[in-house]
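Q: Return atomic coordinates for the entry below.
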Amino acid sequence: MLQWYAVHTQVHAESKANWHLRNQGFATYLPCYLKRVRHARQARERARPLFPRYLFLAMDIAAARWRAIRSTIGVVELVSHGDRPAPVPQTVIDEIRAREDARGLVVLPPAPAFGPGERVQINHGALTGQTGIFECVSDADRVVVLLELLGRQVRVRLPVDAVAAA
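A: Numbers count the residues shown, from 1 in each chain. Model prediction:
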């Protein structure tokens, strides 16, 4: 039965490891996204790995010669629990692929228009009208805001669209 596994690669060698693993007959998946890169006063968008130093590999661990993967050019090791590779749930791969555009690049949600330490206002929900301090992005859909409640600062996780710059 084919399962997905994470492969830890050498620095900036994800594509090289991907190419060599494919040449050995393995099915691989290297999710990439568009990153704005500045070089020589020019900004260009380049495809970059979504998970630097990692890619995914599908194999049947009972039938594949998986120990040979560690000696593949560009590969450091398989992510393992003890001496056995740790499987990655199929749902993780499916969720990443569901975010791909027509070019096969993962589309990331836009970053909030404010940075850490800036004042924000909550626009909807139970805390509508409160102002707080933006701390960080929690995950793809939520942010962490510090609110002054009952005389002390409290961390609150809110949907990204619930806050705006104050």
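Q: Name the residues of stretch 63-82 that come out as buried.
A: Using 16 or more other C-beta atoms under 10 Å as the burial criterion, the residues of stretch 63-82 that qualify are 64, 66, 69, 72, 74-76, 78. Any C-beta I mention is one placed from the backbone N, CA and C, and that applies to glycine too.
Q: From the chain's centroid, how far away is that stretch?
A: Here stretch 63-82 is found 22 Å from its chain centre; the criterion is C-alpha atoms, centre = their mean, to the nearest Å.
Q: Kindly export that stretch (C-alpha atoms) in CSV.
A: The C-alpha trace of stretch 63-82 is given here as CSV (Å, rounded to 0.1, in the frame of the first residue of the first chain):
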residue,chain,number,x,y,z
ALA,A,63,8.1,-3.6,-1.0
ALA,A,64,10.4,-0.6,-1.6
ARG,A,65,14.1,-0.5,-0.8
TRP,A,66,13.6,2.5,1.3
ARG,A,67,17.0,2.4,3.1
ALA,A,68,18.7,3.3,-0.1
ILE,A,69,16.9,6.7,-0.1
ARG,A,70,19.3,8.0,2.5
SER,A,71,22.2,7.6,0.1
THR,A,72,20.4,9.5,-2.7
ILE,A,73,22.1,12.7,-3.8
GLY,A,74,20.5,15.7,-2.0
VAL,A,75,18.8,13.6,0.7
VAL,A,76,19.8,13.8,4.3
GLU,A,77,17.3,11.2,5.7
LEU,A,78,13.7,10.1,5.8
VAL,A,79,11.7,11.6,8.7
SER,A,80,11.4,8.7,11.1
HIS,A,81,10.1,7.5,14.4
GLY,A,82,12.9,5.4,15.7
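Q: can you list contacts of that stretch?
A: Residues outside stretch 63-82 that contact it (C-beta atoms under 8 Å, 6 or more residues apart in numbering): 5-10, 13-14, 16-18, 20-21, 24, 26, 53-54, 57, 59, 85-86.
Q: if we go to 10 Å?
A: For stretch 63-82, the external contacting residues (C-beta atoms under 10 Å, 6 or more residues apart in numbering) are 1-2, 5-21, 23-26, 53-61, 83-88.
Q: how about low-confidence regions in this structure?
A: For the chain, residues meeting the criterion pLDDT under 70 lie at 139-141.
Q: Now do the strands in it.
A: 3-9, 27-29, 32-39, 42-49, 54-59, 75-78, 80-81, 84-85, 87-88, 119-122, 131-137, 142-149, 152-159, 163-165 (DSSP state E).
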